[in-house]
Structures are given as structure tokens and as C-alpha cells.
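predicted coordinates and the sequence they were generated for:
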Protein chains: 2
Amino acid sequence: MNPLSSTARTRLRRHPERSSADRTVLYDILDAGMICHLGVIVNGAPLVLPTGYGRLEDTLYVHGSTGASSLMAGPSQDVCVTVTHLDGIVLARSVFHHSINYRSAVIYGTPRPITDTEAKLIGLQAITEQMAPGQWEVAREPTRKELAAVAVLAIPLSEASVKVRQGPPNDDEPDHALDVWAGVLPVQQTFGHPSPDPLLRPGIPVPRHIARRVTS
Amino acid sequence: MNPLSSTARTRLRRHPERSSADRTVLYDILDAGMICHLGVIVNGAPLVLPTGYGRLEDTLYVHGSTGASSLMAGPSQDVCVTVTHLDGIVLARSVFHHSINYRSAVIYGTPRPITDTEAKLIGLQAITEQMAPGQWEVAREPTRKELAAVAVLAIPLSEASVKVRQGPPNDDEPDHALDVWAGVLPVQQTFGHPSPDPLLRPGIPVPRHIARRVTS
């Protein structure tokens, strides 16, 4: 795969050792996530909203209501899409070296609205499968009316920053003598036991593709 | 406490029933988080970065390197700070009604750089305690030089949108007859067992304020 392009804004000036131009690292971070934070400019001010997304090859899909003008601010509006995994709290001997272990992908691009029905379904499938793998096959597909109410945007995965910090704290050497515990408190995102809709018809068990996600 | 001010951008046009002007709901969402997504405008385009934050009364603090021009884009630059908790994947009988259960706070404001040393320490303490409660008391406090390398910004908690979605899917009534499981897959953020720094001096146990966060 071709590496990510290096542009002024994707080059990390701080901690360049944490960056990666490797496309597989970008894809791994995106594929492991469930929501992104989408940044747009509305009336000259930044707006950051959590939303679902999906990836298919080198395209990222996001969706929104066709009525949500903030997200559909018009063609050729730059957006920024950020996906972050918090992996640990880095507890150092000094306040200054406290940090977080994380993996993040910051994607810059100009979204292209998808209007073709077939292409829109492909984008929606990617978004649905990202947060609920296996559901596209079992759930009722969108009607023509439902499809018209959803805007799907495609963002090319060509300009992105990938940043990863893992490992123990980086305390200054003299601080190692301090009588302070140092290390990492791991953070994970885990799934609990599925809670059925109170309106669920009796006799429908939790399907395997959902049950197998349960962590505990 | 005074309610949050209602402005054009904090009024939800979509799903207004999910909004809250209750300041305690805002504070609960912020206090339960560890990282935020900070949106700024850099060279006319949005930039969204994950970072730590802290809250003290009606002020939100964020910090960054004084060298990170993107975050310290200058005075009177509007920012947007978003904190999101993903609580569940809402699995519906139809693709269209898939959703997420979440709590989010979107804060708009113009950050004020904190330059006074005492005030800066208060902001840093709020940020440190947000992700690592109890650490400010045990870790070595910043030196004058370390303090100079950190920029601390204060954002007033006056203009914010709070949005909460909880509960089962909202499938259309005719879809209730479908032979498809529906419900919620809960999502939590959990803490694993602390992993000591390989350079940790022998004989320093994991302190109680860290050990008690472990989920399993």
C-alpha cells in the first residue's frame, strides 16, 4: 500500500517519533473504533461532534440527517475526522510527565456527498458494520424514504496524521529515586451483557454475532 | 446553579428531547471523562485533537506545549471542546434505527491563557486530577522551567450543548413483527491491572488511589 502523504499539517513537530506514515497503522486504528469526532466550521467557529463512521478501502464514510446543516455545510468544506483509543493512564513520578497511552488518527479532507442509491447503501453498510458488525445482514434494509433522509459523505483517506504513544512514563532520571509509584493504568473499552428491547418478541435469542462481543 | 445559556448553536434542532440545560448534567459528563476532543481552526480548516482537560467550578482547563502553535493559535480564537461517553450500541430491527447510547458535552468558548504561576498550578492540578485522581498529592510538582513549557488555557463553562441518548431502539411499529433481535449492547470504559514502570524502585506498592480504580 502507498504510504500516507506528508503535508505541512500531517508532519508532527512535537514528538515526531510517535507518528506513523504507515497506512496499515491508520487502518488498524480506524477499524478498531466505533465513533469518531467530526470537526467542521460553522459560522466561523469550530464545531466538534461525535458520530459514527465506516471505512471501505481508502474511503471513510460518515453520515447525518439531511436536515443537519452543520454537518452538511455544503460542498468543498474542509472537515477533520479524529478517532482516538485511550489505552492507558501514564502515572509518572512528576506531575509534568503524566501522560496517556493512546492511538489516534486525524484525517483531513473535503467530503463528497454520495447521492447514487447503490453507492449510498455501500456507505451506510460500512458505517453500520463498523459499530454493529453482522447487523447489515439481519436488519431490515433502508426504504427509499429512509435513504432520502440520510446524507452520506465520503472522505478520501489521503491526508492523515497517525499518532501512537505506548509504554511506561518518561520521568527524568533524578526523579527515579523518588518514593513514588510509577507505571501505567490500562484502559479498555469493554462490552457488557446485551439488554433486550422490552418490545422484543418472545423466543428471539441474542444472535451469535452480538453475544460474542461480550467481554465479561 | 444557573442553567446553561441558550444560544443559536446550543439549541438542538434535531432530537431536542435529548438536550439538557441542566448544569449538573454538564458537570457530571465532564467529571466522568478522561480526555476531550479539542477543535480549533488552523489555516482556515478545522483541526480536532484528543487532549486532557480538567474542570474547576465553572471553568474548563486544557493544556498544551507552548510550542504547539495549533492549540495556542492566539488570543480570542474560538474553540470547541467535546467530551463523549459511549454507553451502548443500539441494535435495531431496521438499519435506519441503529444508534448509539451516549452522553456528550459540546462546549463553545474563547480560551484565556493563564500566565500567573499560582493560577497555572491550579489549572494543572485540575487537569492532572481529572485523569489521575490522587496523583497531585504524591507526584513531584512542576519546576519553574517545566511550568514555563506548559500553556494552560481556561474556557468559561457558559455556552454548552449537553446531549444524552439512553434506552432501547426506536423501531417503527410494523418492524416489531420482524424475526430480528433488538436491544442494547452496553459499552463501558474499564481499568486493567496497573503495570509498573520497569525502572520502578523495588518495594514501592501500587497506592490505594490507583489500585481502587481497577475494574476487574
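The structure has been received and is ready for your questions.

C-terminal to the longest helix anywhere in chain A, what's the next element?
Longest helix in chain A, counting residues (DSSP state H): helix A:117-131. Sequence-wise, the next helix or strand downstream of helix A:117-131 (DSSP states H and E) is helix A:135-138.

can you show me the strands along chain A?
For chain A, the strands defined by DSSP state E cover A:19-20, A:35-42, A:45-56, A:59-65, A:79-91, A:99-109, A:112-114, A:150-156, A:159-165, A:183-191, A:195-196.

out of those strands, which gets the lowest mean score?
In terms of mean pLDDT, the lowest-scoring of the strands of chain A is strand A:19-20 (a mean of 67).

how about the residue at the greatest distance from the centre of chain A: what's its closest non-neighbour residue?
Farthest-out residue of chain A from its mean C-alpha position, per CA atoms, centre = their mean: A:Ala177, at 39.7 Å. Spatial nearest neighbour of A:Ala177, chain neighbours left out: B:Arg201 (7.4 Å); criterion: CB to CB, 6 or more residues apart in numbering or on different chains. Yep, even glycine has a C-beta here, placed from its N, CA and C like the rest.

A:Leu47 contacts A:Gly39, correct?
Yes - counting by CB atoms under 8 Å, A:Gly39 is a contact partner of A:Leu47 at 7.0 Å.

overlap in contacts of those two?
B:Gly39, B:Cys80 (CB atoms under 8 Å, 6 or more residues apart in numbering or on different chains).

those two: who's more crowded?
Using other CB atoms under 10 Å in any protein chain shown as the criterion, A:Leu47 and A:Gly39 rank with A:Gly39 on top: 28 against 23.

ends of stretch A:197-209, how far apart?
17 Å (CA to CA, to the nearest Å).

so which bits of it are buried?
A:Asp197, A:Leu200, A:Ile204, A:Val206, A:Pro207 (16 or more other CB atoms under 10 Å in any protein chain shown).

closest to chain B among those residues?
A:Asp197 (4.1 Å; CB to the nearest CB).

as a markdown table, the strands of chain A with distance to chain B would be great.
Shown next, in a markdown table, are the strands of chain A (distance: least, CB to the nearest CB, whole Å):
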| stretch | distance to chain B |
| --- | --- |
| strand A:19-20 | 13 |
| strand A:35-42 | 4 |
| strand A:45-56 | 4 |
| strand A:59-65 | 6 |
| strand A:79-91 | 4 |
| strand A:99-109 | 5 |
| strand A:112-114 | 16 |
| strand A:150-156 | 8 |
| strand A:159-165 | 9 |
| strand A:183-191 | 3 |
| strand A:195-196 | 4 |
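
what's the closest of those to B:Asp116?
Proximity to B:Asp116 (CB to CB) singles out strand A:99-109 among the strands of chain A, at 24.9 Å.

what pairs with the closest one, parallel or antiparallel?
Partners of strand A:99-109 in the sheet, by DSSP bridges, are strand A:79-91 (antiparallel), strand A:159-165 (antiparallel).

any chance of those strands in JSON lines, plus mean neighbour count?
Listed next are the strands paired with strand A:99-109 as JSON lines, based on neighbours: other CB atoms under 10 Å in any protein chain shown:
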{"stretch": "strand A:79-91", "mean neighbour count": "24"}
{"stretch": "strand A:159-165", "mean neighbour count": "22"}
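
with distance to B:Val95 as new columns, can the ones you listed be given to me in CSV?
Listed next are those as CSV, based on distance: least, CB to CB, whole Å:
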stretch, distance to B:Val95
strand A:79-91, 22
strand A:159-165, 28
